[in-house]
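**Student:** Structure of the sequence below:
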Amino acid sequence: MAKVLPQDEPVIAEFQDRRRAFRAPWNRNCLFLLAPGFALAALGHGYFGQEWMVWVGVPIFAVGLVRGWLLWREHLRCPQCETVQNGEGQIPYLTCRSCGARLSVGFRDQL
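**Tutor:** Residues are numbered from 1 along each chain as shown. Model (predicted):
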């Protein structure tokens, strides 16, 4: 890993703060919308055979997907160019895919 330059430190710190702020709402979204919606739809369709569970579960799951996408777009942006970071095989986010700004020092700041 290349050495972190002094001018990169504020950008890295800002992006890591944004990632930490993203974690709590993302986990709540998964816990209260995605998981229950998926469980209702899957169990209602397969195990219990209850149509109403599917009709309730699918919209809850869809709301969780949309909320997760909005959270991602709000929090995981490059501090320098404000481009949303998609991850695409680059986790941890080492550099911005748009402007090339350094976003991380490696795995140690991703925890």
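**Student:** host element of the residue nearest the centre of the chain?
**Tutor:** Compute the mean C-alpha point of the chain, and by CA atoms, centre = their mean the closest residue is Trp72, 4.6 Å away. Element membership of Trp72, judged by DSSP states H and E, is helix 51-75.
**Student:** and that helix, what other elements does it pack with?
**Tutor:** Packed against helix 51-75 by the contact rule (3 or more CB pairs under 8 Å, 6 or more residues apart in numbering; DSSP states H and E) you find helix 9-29, helix 35-42. (Each C-beta comes from the backbone N, C-alpha and C, glycine too.)
**Student:** For Arg102, what are phi and psi?
**Tutor:** Backbone geometry at Arg102, expressed as degrees, to the nearest 10, gives phi -70, psi 130.
**Student:** wait, isn't it in contact with Glu14?
**Tutor:** No - counting by CB atoms under 8 Å, Arg102 does not reach Glu14; the two are 11.3 Å apart.
**Student:** quick one on the thing from earlier: and the helix holding Trp72, how far out from the chain middle?
**Tutor:** Centroid separation between helix 51-75 and its chain, computed with CA atoms, centre = their mean, to the nearest Å, is 14 Å.
**Student:** Other residues contacting that helix?
**Tutor:** Under the contact criterion CB atoms under 8 Å, 6 or more residues apart in numbering, helix 51-75 has outside partners 18-19, 21-22, 25-26, 29-30, 32-34, 36-45, 84.
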